[in-house]
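Trainee: Turn this into a model:
(one chain, ligands or ions: 4)
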Amino acid sequence: GHLTPSDLRDILSFTTALARAAGELILEGSDAILASGTVDEKKNSVDLVTEYDVRVEELVKDTLGKSYPLFKFIGEESYAAGSRPALTDEPTFCVDPIDGTTNFVHGFPHVCISIGLIYQKVPVLGVVYNPFLDQLYTGVKGQGAYLIRKNGALRIQLPLAKPTHLASLSKGLLGIEWGSDRSGPIIEAKGESFKRLAGDPKAGVEKGQMAHSLRSLGSAALNFCMVAQGGLDLYWEIGCWPWDVCAGIVIAQEAGGFISGSKTSPLNNIASDDVLAGRKHIVVRAIGDSETEKGVDAQKRLIKEFYETVE
Ligand code: 2AM
Ligand code: CA
Ligand code: CA
Ligand code: CA
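Mentor: Residues are numbered from 1 along each chain as shown. Ligands and ions are numbered 1, 2, ... in the order given. This is a model prediction of the structure:
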């Protein structure tokens, strides 16, 4: 059936409570993993997974399945285990049980549960909860983005979050990530882009054009939330999956951010699908002369292409 704004509000309360419950399990898991837990390697020695990634996804998948039996479910660990439903126009939850697993196993407190909802192939709702810092971010298409902490809920709106003179690509604070694909060409190309952003003259940067600094939070979802909050001026990443970006896209967009992607931007010397989030003029500058897509087109494409990427 059709998803109304009121349905989305109901789903938001449900998924917010669920994210908090998942957060409790993540905190419990952190103590266990740091004390004596086993960390397994997936594709290489930096692609990590723990039993808690799987347990949190089971909790979320089972709970959603009971209340929303007709909705489809896409999750990182289910996908890894071979459960890969086709992406359709039906309502589809898109979940990353632990985003920032590397942080999780190191006790670096930028870790979250990310619950997104896709409808007609567009992300329409996102809940991202960091239980270590007790920060919960929400976004619902057309209904705004919020940061909820112990002391209350705050509507987040980019134009109000930061003085304009600080918000540019040069002089910005930029979110970038090394990712878990460390194959030579990828890491070399990323390194070149990062050097350019950091101001290495040999990498072709004009004086005064470098970023204030680069930050790697280690969680894609939290990078989007930090863009929404105004803490990062741009988030740029290559190698994402739909569960990394689904919830965060809605939160950043509802806070007034712009989402795009480009295989041909000056940042993207890997020519693989990337994602950019930030204020529109900053994203447009980062993309340069290459084509900028309309927000919804870019989001649709990102979810679809990220999902249909063949390993
Ligand atoms: P994870 O912790 O759920 O595995 C770090 O770059 C961020 O990107 C994390 O959100 C991480 O999610 C995600 N990520 C996972 N695999 C990646 C890859 N191959 N390339 C880039 N990012 C990846
Ligand atoms: Ca992972
Ligand atoms: Ca992830
Ligand atoms: Ca994960």
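Trainee: Glu51 against Glu28, yeah?
Mentor: No: with contact defined as C-beta atoms under 8 Å, Glu51 does not count as touching Glu28 (11.6 Å). Quick note: C-beta positions are derived from backbone N, CA and C, even for glycine.
Trainee: can you give me the helices in the stretch 201-311 of the chain?
Mentor: Listed in chain order, the helices of the stretch 201-311 of the chain (DSSP state H, counting those that start in this stretch) span 220-229, 242-254, 280-287, 295-308.
Trainee: Which among those helices is found nearest to Thr264?
Mentor: Closest to Thr264 of the helices of the stretch 201-311 of the chain is helix 280-287 (C-beta to C-beta; 8.3 Å).
Trainee: can you dump the C-alpha coordinates of the closest one into CSV?
Mentor: C-alpha atoms of helix 280-287 as CSV (Å, rounded to 0.1, in the frame of the first residue of the first chain):
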residue,chain,number,x,y,z
LYS,A,280,24.8,22.4,-2.0
HIS,A,281,27.4,24.9,-3.1
ILE,A,282,30.2,22.9,-1.5
VAL,A,283,29.1,19.6,-3.1
VAL,A,284,28.8,21.4,-6.4
ARG,A,285,32.3,22.8,-6.0
ALA,A,286,33.7,19.4,-5.1
ILE,A,287,32.1,17.9,-8.2
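Trainee: Give the rounded mean pLDDT of it.
Mentor: Mean pLDDT, computed over helix 280-287, is 86.
Trainee: and it with helix 220-229, angle?
Mentor: Using axes from the mean of the first three to the mean of the last three C-alpha atoms, to 10 degrees, the direction of helix 280-287 lies 130 degrees away from that of helix 220-229.
Trainee: next one: helix 280-287 to chain centre, how far?
Mentor: 18 Å (C-alpha atoms, centre = their mean, to the nearest Å).
Trainee: same for that helix, what does it pack against?
Mentor: Applying 3 or more C-beta pairs under 8 Å, 6 or more residues apart in numbering; DSSP states H and E, one finds that helix 280-287 makes contact with strand 234-238, strand 258-260, strand 274-278.
Trainee: Identify the residues contacting Pro109.
Mentor: Each residue near Pro109 by C-beta atoms under 8 Å, 6 or more residues apart in numbering is listed here: Asn103, Asn130, Phe132, Leu133.
Trainee: Give me the buried subset of those.
Mentor: The neighbour-count criterion (16 or more other C-beta atoms under 10 Å) marks Asn103, Asn130, Phe132 among the contacts of Pro109 as buried.
Trainee: ok, those residues vs Gly175, which is closest?
Mentor: Asn103 (14.1 Å).
Trainee: Next one: the closest one from ligand 3, what distance?
Mentor: Look at Asn103 and ligand 3: by C-beta to the ion, to the nearest Å, they are 11 Å apart.
Trainee: Run through the residues of the stretch 1-150 of the chain sitting next to ligand 4.
Mentor: Glu76, Asp96, Ile98 (C-beta under 5 Å from the ion).
Trainee: which among those residues are in contact with ligand 3?
Mentor: Asp96.
Trainee: Point out the residues in the stretch 201-311 of the chain that sit beside ligand 4.
Mentor: Residues of the stretch 201-311 of the chain lying near ligand 4 (C-beta under 5 Å from the ion): none found.
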